[in-house]
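Asks: the sequence and its predicted three-dimensional model are supplied below.
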Amino acid sequence: MNSPWKGKAKATNQDYDDLRPTITYRHLLSNNLGVRDPLRVVALCDSDAFYAACERVRLELDPSVPIVVQQWESLIAVSYPAREFGISRMDKIKDAKKKCPILLAVHVATYKEGEKKPGYWKDVDTRTHKVSLDLYRRESNKIITMFKEALPTGEVEKASIDEAFIDFTRPVREKLLERYPYLAQVPADAPNGMDSPLPPPPAINWDDLGTVLLPEGTDSAGEQSNVEVDGGATWHEVALSIAAELMRKIREDVHSKLGYTTSAGIARNKFLAKLCASYKKPNSQTILRNDAIPNYLHPIPFQKIRFLGGKLGDALAKEYDVSTVGDLLTVSLDEIQSKFGENALWVYEFLRGIDRTEVKEKSALFRSMLASKNLPKPITQPSDGHQWIRVLAAELALRLNDARESMPTLWPKTIVLHARKGYETSRSKQATFPFVRNVTVDVIATAADKLWKELTGDAKIVNITSVQLAFTGLEKAEMGQKSIEGFFTARDIQPQTSLKRSREEDEPLVSLENTNLALPKSSDVEAVSFKCTRCHKTIALREGQATGDPNEVAQRLAMLRSEHGDFHFAQELANSNDGSVPVPRGSSPKRKKVEPKGIAKFFIKK
Ligand code: DCP
Ligand code: CA
C-alpha cells in the first residue's frame, strides 16, 4: 500500500496507532469505559432538506415535488427534487422559479401582530411579520424522541435543529453479548484472564448497511460486501456494523412514521461521525472504519472542518501555508501548543481523528428561550414597541406551552428584553418572572411592556433596530407539600384582571410582591426549592423562609436561585484558563468581561 504520507517526512502511521486496538474481555465486560472505550461507536444523524421536508409532510405532498422554503426573498431550504433543477440555498426565489417553473415555494410560517399562532399568510412582509420556526422545532423533537425510544441505553444529544449525535456504544455492546454469548465468559485457559484478547471476530456482512469507507480512499457502495483489507475485520468493525444495523432501522422507522429521510455517519467518535454523515446524501448512511480514517481525513481541506474554519483555520493556513489535514500532520504538538496555547491539543487530535468529547444529552433546562426580530424599519416612537413585543410574546408563549407538555412545571424564572439602538451595543432589562400556570401572550407581553418602558425611559424618539425577548433560567419548579396535580387544579390567574393596565405606571417591574401575576392564591402550592441543573443539588429555602405569602416565598426562591447561579459563574470563571466562560444571563453589572487567551481568541464573534 502506498504511504498516505508521501512527501511529508515527519508524519507517520504512529499518529493513528490505535486504529486496530486489541479488544480484551475487560474492555468488553467493563461497564464504564467512557470516551476511551475501544469499542466506542457514535453516529450523527441529520435530516435531509429539513425545513423543506417539514413543509412537504405538513402539506402531505408527494416526495418528488420540487419544494423550497423561502424566508422573505431568500431560500432557506431546498428539497432534493428541487436541487435537481440546479437550485441551491444561494438562489433568490425569483431565480429559483426561473430554474424550475413548477417549483413550489412555501414561505416559512410567521407571527403577525394580533394573531396568537404563527400561520401561512398571504401578505408576509418583514416589516410586519416575524418568522416562526415552531413547526420545525416540533418535528425535530418528534425525531429525537424516536431516537431515544429506540435506544433506551443509548445517549442522544441534539446537535442542531435537524441533527443529533447518538452514542451506540452500550446498545451495541448488548447486541454483541446477545449474538456472541461466548464473549460473556472469560475462557478458563485465557492466558491473561480478563486482559486476554477476545477470539477473532466473525466475518461481517456489510450488505445494506450503507456506504463503507475503505482504507484505499474508495467506498464500497455498489460493490461486493465483505471487503477485507489488512487481515480481516476487528471487533470494532463488528461494533460499527451493529450500530449501522440499528441506525438503519431507526432511520427507516423515522421515514415510515414521520415521513423524513435522514443521512447518518457512523464512526468511532463525534468528530468523525459528523464528518462522514454528509458523504452521501440524501437518505443514506456512511460507515467510517478505523483503518479508513487516515485516508479519509488526509485530503480534506482543514478549513472545511467545523472549528477549523474561521479565524483559527485562517491562522493555520497562513502560518504553515498548507490546506489539507494531511499537510498539517507534520506540525508537532509542541509547535501547535506554542503558537495556539495549551488548549490547542484538540486541534492536534482532531487532525488525527481523535475526539474524546462525550455524547451527552443537554438538559432542556439549560436552555433559555429567545424570540428575536431585526427590524427593517426601526422603531422610532417608543409606543410602537408594543406591537413587536406582542409578536415576540406570542412566540415565547407558544414555545413555553409546547415545552410544558412534557414538563408541566417548567418555570422561566427571568424574562429579559434586549433592544439594539442603531449601531450601539444592545441594552437589556430583566425581571423575575413568577410561576404562572397559564402563560398567555398577555401575561408575557405585559411583563415585557414594563421592561420596554424601563428601557426606553422618557425618550420621545428612539431608534431601535432589533428587539429580543427571552426567558432564561428555565427550571422545573419543585412543589412543596401537595402534589403537582393539586397545583394544577388551582385556579388560573386572569391576566386581564390581575394586571390592571391603568396601574402600570405605579407598579414596579413584574415584581412578585406588587402584582397578582404570581402564584395562584393557594398556600400549598409554593415552590420551596429548585434543582440546580449544574451541580444537580436541590437548593431549598431555609425553614423560616419557606412559609408565608406565596409571592414572597417565590421571590426569596428567585433570589436564592440567582445567588446560586452567580456562585457557579464565579467558580467557572476561576476555573477557566481560556476565558471561555458561559455567556452570562441577562446583563448583570457584576460580571466582568474576560479577555480570551490562547486558542479562545480565535472564537470571538466580531
Ligand atoms: N437553515 C437555515 N439557514 C441556513 C442553513 C440552514 O435556515 N443558512 C435551516 C434550514 C434547513 C435546516 O436549517 O432545512 C437544516 O440545515 P442543513 O444545513 O442541515 O440543511 P438541510 O437540512 O436543508 O439540507 P441537507 O439535506 O443538506 O442537510
Ligand atoms: Ca440537514
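Replies: Ah, there it is. Ligands and ions are numbered 1, 2, ... in the order given.
Asks: return the residues of the stretch 251-400 of the chain in contact with ligand 1.
Replies: Among all residues of the stretch 251-400 of the chain, those adjacent to ligand 1 (criterion: CB under 6 Å from any ligand atom) are 281-282. From N, CA and C alone the C-beta is placed, and that goes for glycine too.
Asks: all helices of the stretch 251-400 of the chain, in order?
Replies: Using DSSP state H, counting those that start in this stretch, the helices found in the stretch 251-400 of the chain span residues 270-277, 293-297, 310-320, 325-328, 333-340, 345-351, 385-406.
Asks: same for the strand ranked longest in the chain, what does it pack against?
Replies: When every strand of the chain is counted residue by residue (DSSP state E), the longest turns out to be strand 464-479. For strand 464-479, the helices and strands in contact under the criterion 3 or more CB pairs under 8 Å, 6 or more residues apart in numbering; DSSP states H and E are strand 369-379, helix 385-406, strand 410-421, strand 527-531, helix 550-575.
Asks: spit out the contact partners of the residue of the stretch 151-300 of the chain found nearest ligand 2.
Replies: Among residues of the stretch 151-300 of the chain, the one nearest ligand 2 by CB to the ion turns out to be Asp162. It sits 4.4 Å away. Counting by CB atoms under 8 Å, 6 or more residues apart in numbering, Asp162 touches 46-47, 50, 136, 140, 143.
Asks: for stretch 70-90, output the C-alpha coordinates as PDB.
Replies: As requested, the backbone C-alpha atoms of stretch 70-90 are provided in PDB (Å, rounded to 0.1, in the frame of the first residue of the first chain):
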ATOM      1  CA  GLN A  70     -38.400  30.800   1.500                       C
ATOM      2  CA  GLN A  71     -37.900  33.500   4.100                       C
ATOM      3  CA  TRP A  72     -38.800  36.800   2.500                       C
ATOM      4  CA  GLU A  73     -36.900  36.700  -0.800                       C
ATOM      5  CA  SER A  74     -34.300  34.100   0.200                       C
ATOM      6  CA  LEU A  75     -34.300  30.400   0.200                       C
ATOM      7  CA  ILE A  76     -33.600  28.600   3.500                       C
ATOM      8  CA  ALA A  77     -34.200  25.000   2.500                       C
ATOM      9  CA  VAL A  78     -34.200  23.300  -0.900                       C
ATOM     10  CA  SER A  79     -35.700  19.800  -1.400                       C
ATOM     11  CA  TYR A  80     -33.600  17.200  -3.300                       C
ATOM     12  CA  PRO A  81     -36.100  17.200  -6.200                       C
ATOM     13  CA  ALA A  82     -35.600  21.000  -6.400                       C
ATOM     14  CA  ARG A  83     -31.800  20.600  -6.300                       C
ATOM     15  CA  GLU A  84     -32.100  18.600  -9.500                       C
ATOM     16  CA  PHE A  85     -33.100  21.800 -11.200                       C
ATOM     17  CA  GLY A  86     -29.800  23.400 -10.100                       C
ATOM     18  CA  ILE A  87     -31.500  25.300  -7.300                       C
ATOM     19  CA  SER A  88     -29.400  26.000  -4.200                       C
ATOM     20  CA  ARG A  89     -29.800  28.000  -1.000                       C
ATOM     21  CA  MET A  90     -27.800  30.700  -2.500                       C
END
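Asks: do it and ligand 2 meet?
Replies: No. Shown here: stretch 70-90 not in contact with ligand 2 (CB under 5 Å from the ion), separated by at least 8.5 Å.
Asks: residues from the protein in reach of ligand 1?
Replies: Counting by CB under 6 Å from any ligand atom, the chain comes close to ligand 1 at 46-51, 76-77, 161-162, 281-282.
Asks: which among those residues end up buried?
Replies: A residue is treated as buried here by neighbour count (16 or more other CB atoms under 10 Å); on that basis the buried members of the residues of the chain next to ligand 1 are 46-51, 76-77, 162, 281-282.
Asks: can I get those in a markdown table including secondary structure and distance to Val172?
Replies: Listed next are these as a markdown table, based on DSSP: H, G, I helix; E, B strand; the rest coil; distance: CB to CB, whole Å:
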| residue | secondary structure | distance to Val172 |
| --- | --- | --- |
| Asp46 | strand | 21 |
| Ser47 | strand | 23 |
| Asp48 | coil | 25 |
| Ala49 | coil | 29 |
| Phe50 | helix | 27 |
| Tyr51 | helix | 32 |
| Ile76 | strand | 36 |
| Ala77 | strand | 33 |
| Asp162 | coil | 24 |
| Lys281 | coil | 24 |
| Pro282 | coil | 25 |
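Asks: closest one of those to Glu174?
Replies: Within the set of those, Asp46 lies nearest Glu174; the separation is 25.4 Å, counting by CB to CB.
Asks: quick one, what contacts the closest one?
Replies: For Asp46, the contacting residues are 162-163, 262-264, 277-278, taking CB under 8 Å, 6+ apart as the criterion.
Asks: circling back to that earlier point, closest to Tyr348 among the buried ones among the residues of the chain next to ligand 1?
Replies: The shortest gap between Tyr348 and any of these belongs to Asp46, at 26.9 Å (CB to CB).
Asks: tell me the bridge partners for the closest one.
Replies: Taking DSSP bridges as the rule, Asp46 bridges to Glu163, Ser263.
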